[in-house]
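[1] From the sequence below, what's the structure:
(chains A and B)
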Protein chains: 2
Amino acid sequence: MSGMTKTPQPPYYAVIFASQRTDGDKGYENMAEKMVELASKQSGFLGVESARDYDLGITVSYWDSLDAIKNWKENTVHKVAQERGKKEWYKTFSLRVCKVERDYFFEM
Amino acid sequence: MSGMTKTPQPPYYAVIFASQRTDGDKGYENMAEKMVELASKQSGFLGVESARDYDLGITVSYWDSLDAIKNWKENTVHKVAQERGKKEWYKTFSLRVCKVERDYFFEM
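    Below is the predicted model:
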């Protein structure tokens, strides 16, 4: 869905979202796609990486500032998704806001 | 494999490792399990979360200090795995060292 993200020189910010889903789709995949589309239009968005297997999903989004993260958190459409997430889609999740201090890229 | 990680109060550190694999296992799964086992014995290790789907794998490990990350990076057995990773297992990867400034946990 999202592939690898090439980010600019650190420092920049990352939001690590790890989650365990409830059973069934209940509109989740559709919403997830829309959220990526919407996030990528936000000012300060640098990219997103996502992987999910049977046990756990991890989505990492990258941003150029804490303000950009705050604006995305408060985006009205995103807020609706956040509420549905808590009520329907996620058994449990964690969200971590981080400052990326160093990075390294490898290509074969 | 790893589930969700309960970490202590921030600040602490995260290493975000995103990768795209080459074809075939070539001893990868076995090594990955061993690395988690070995990392979890390192001083300063707080936990690890991992997810992989057809396109991308994301592993996030959590540490109490930059020194703990450095020690893990320089672990002799881990160094051998790093070399094999570049030669055999990964088409591409990124590695980001981050300071976790804020976190939030939700349970249904």
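
[2] Which positions in stretch A:43-56 come out as buried?
    By neighbour count, with 16 or more other C-beta atoms under 10 Å in any protein chain shown as the criterion, the buried positions of stretch A:43-56 are A:44, A:45, A:46, A:47, A:48, A:49, A:50, A:51, A:52, A:56. Quick note: C-beta positions are derived from backbone N, CA and C, even for glycine.

[3] Same check on stretch A:86-99?
    For stretch A:86-99, burial by neighbour count (16+ other C-beta under 10 Å) applies to A:89, A:90, A:92, A:93, A:94, A:95, A:96, A:97, A:98, A:99.

[4] List the neighbours of the helix or strand harbouring residue A:29 that are in contact with it.
    Using DSSP states H and E, the element containing residue A:29 is helix A:28-39. Where contact means C-beta atoms under 8 Å, 6 or more residues apart in numbering or on different chains, the residues beyond helix A:28-39 that reach it are A:1-2, A:21, A:45, A:48, A:50, A:61, A:72, A:75, A:77-78, A:81, A:84, A:88-89.

[5] Which parts of chain A are helices?
    When secondary structure is read from DSSP state H, chain A shows helices at A:28-39, A:66-74, A:76-84.

[6] Relative to residue B:25, which of the buried residues of stretch A:43-56 is nearest.
    Distance from residue B:25 was checked for each of the buried residues of stretch A:43-56 by C-beta to C-beta. The minimum falls on residue A:51, at 17.7 Å.
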